[in-house]
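Q: Turn this into a model:
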Amino acid sequence: MPDSQPQPPHSSSSSGAASSCRSEGAGLLLCGARLTDGRTVDVRLGGGRIEAVGTAGSLAGSGTHACGARVDLSGYLLLPAPAEPHAHGDTALSADAEGPVSPDPQDVQRRATEATLLQLGHGATALRAHVRVGDVQGLGALAAVLQARRSLRGLAELTAVAMPRVLTGVAGAEGLAMLRDALKMGASVVGGCPDLDPDPTGYSEAVLEVA
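A: Below is the predicted model:
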């Protein structure tokens, strides 16, 4: 695969090397990283994007691109950030709790935030939290997870999945209304447990209709 080419600068104006270094100050050069295909490469980052990938030593350069920080990754494998597709932010970190898990919104938000930061510490930058809606907790747990998502913006991407229990028949009318409210609040995905509903097929159809 040929080396990628750097993106053009955002502005064509220039005011000397000092100002160039300031504009490129947030840049980062990852040196000597090994990719999954066995290649050893340099990777230049800037503005939250991958600007260029080249053979080891090819991106050291000079001028404005020499102003950023460098990290020697010799001997390390460079991978995309992993994602956690199925977490439970509302009940996370509660295995050792005595008695029922606290449904208090502040406790839920704290658990969801701490669990996400723990995942982030291991490299996962995107998480999908399945949150139960309805029953006793109503939409409180979802509201707390959504608040955690807002507080984590810029650090990790936390997606909330609304998980209703019963959606069919007379008993499911309230759950169906609450599921629609969950989406209006900001839940990004509709999930579910059809096996918990007396009519699994009807449950699945209801979820798909709302989604």
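
Q: the bottom helix or strand of this protein by mean pLDDT?
A: Least confident helix or strand, the chain: helix 17-23 with a mean of 39, by mean pLDDT, DSSP states H and E.

Q: Could you name the helices and strands sitting against the helix or strand encompassing residue 150?
A: Per DSSP states H and E, residue 150 falls inside helix 140-151. Helix 140-151 makes packing contacts with helix 105-121, strand 126-132, strand 157-163, helix 169-185 when contacts are defined by 3 or more C-beta pairs under 8 Å, 6 or more residues apart in numbering; DSSP states H and E. Where you see a C-beta, it was placed from the backbone N, CA and C, and this is true even at glycine.

Q: Let's have the ones you listed in TSV, adding mean pLDDT and mean neighbour count.
A: Formatted as TSV, the helices and strands packed on helix 140-151 follow (pLDDT from 0 to 100; neighbours: other C-beta atoms under 10 Å):
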stretch	mean pLDDT	mean neighbour count
helix 105-121	95	19
strand 126-132	95	22
strand 157-163	96	24
helix 169-185	94	16
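
Q: Serialize the ones you listed to a markdown table and add fields for distance to residue 48.
A: Converted to a markdown table, the helices and strands packed on helix 140-151 look like this (distance: least, C-beta to C-beta, whole Å):
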| stretch | distance to residue 48 |
| --- | --- |
| helix 105-121 | 16 |
| strand 126-132 | 15 |
| strand 157-163 | 13 |
| helix 169-185 | 28 |
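
Q: Residue 35: which of the ones you listed is closest?
A: Set against residue 35 and scored by C-beta to C-beta, the helices and strands packed on helix 140-151 come closest in strand 126-132, at 20.8 Å.

Q: tilt between the closest one and helix 169-185?
A: 150 degrees (axes from the mean of the first three to the mean of the last three C-alpha atoms, to 10 degrees).

Q: And strand 126-132, how far out from the chain middle?
A: In this view, strand 126-132 has its centroid 10 Å away from the chain centroid, taken as C-alpha atoms, centre = their mean, to the nearest Å.
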